[in-house]
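Novice: here's a sequence, model it:
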Amino acid sequence: MGVSLSPSGRKRGRRSRRAAMAEINVTPLVDVMLVLLIIFMVTVTLPAVGVPIELPESRANPVEEVPESVTVSIDGEGRIYIADEAVPLGGFPEALAAIGRKSDGELPTLVLRGDRGLDYGRVMAVMGEMNRAGFTKIELVTDGSVTPP
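Specialist: This is a model prediction of the structure:
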């Protein structure tokens, strides 16, 4: 009923072996890539420095990040941190002197993160000490704001 003979008398029909599947199932690949994308997005948005600070708001345009920069943070109580390490009271000039120069011999850019509740004089004292140590490239970090002052 379903078999036909060819002119040579052989049966034509289905082959006994299954043909190799020519399709690739991409669903698991897409699932894995989406999970990796989510992990990447979460880790990129985490703050680079672990000192908890409430940053002031500003509508300033963002600047490009400098790869060879050193972060200086001032918490709400006025304590100074370089990266994640607390600087002892009165030891800020020595800590600044210990910061190494970049590969081209210049001093690195300092990124200043200050708590919004700080006294303006405290922030200016820290910035003045940075300038006195020879650091002329200082960036201030703020949170974005939608309302004008």
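
Novice: CA only for contacts and neighbour counts going forward, please
Specialist: Will do.

Novice: now do the biggest helix by length in the chain, average pLDDT.
Specialist: Ranked by residue count, the top helix of the chain under DSSP state H comes out as helix 27-45. The average pLDDT for helix 27-45 rounds to 88.

Novice: any residues touching the helix or strand just after that helix, and which ones?
Specialist: Moving toward the C-terminus from helix 27-45, the first helix or strand encountered (DSSP states H and E) is strand 57-58. Surrounding strand 57-58, the residues in contact under the criterion CA atoms under 8 Å, 6 or more residues apart in numbering are 142-145.

Novice: in a strand, that's where Asp134 is, yeah?
Specialist: No Asp there; residue 134 is Gly. No: when DSSP: H, G, I helix; E, B strand; the rest coil is applied, Gly134 is found to be coil, with no strand at that position.

Novice: check contacts around it.
Specialist: With contacts defined as CA under 8 Å, 6+ apart, Gly134 is in contact with Leu107.

Novice: likewise Tyr81?
Specialist: Tyr81 is in contact with 51, 72-74, 87, counting by CA under 8 Å, 6+ apart.
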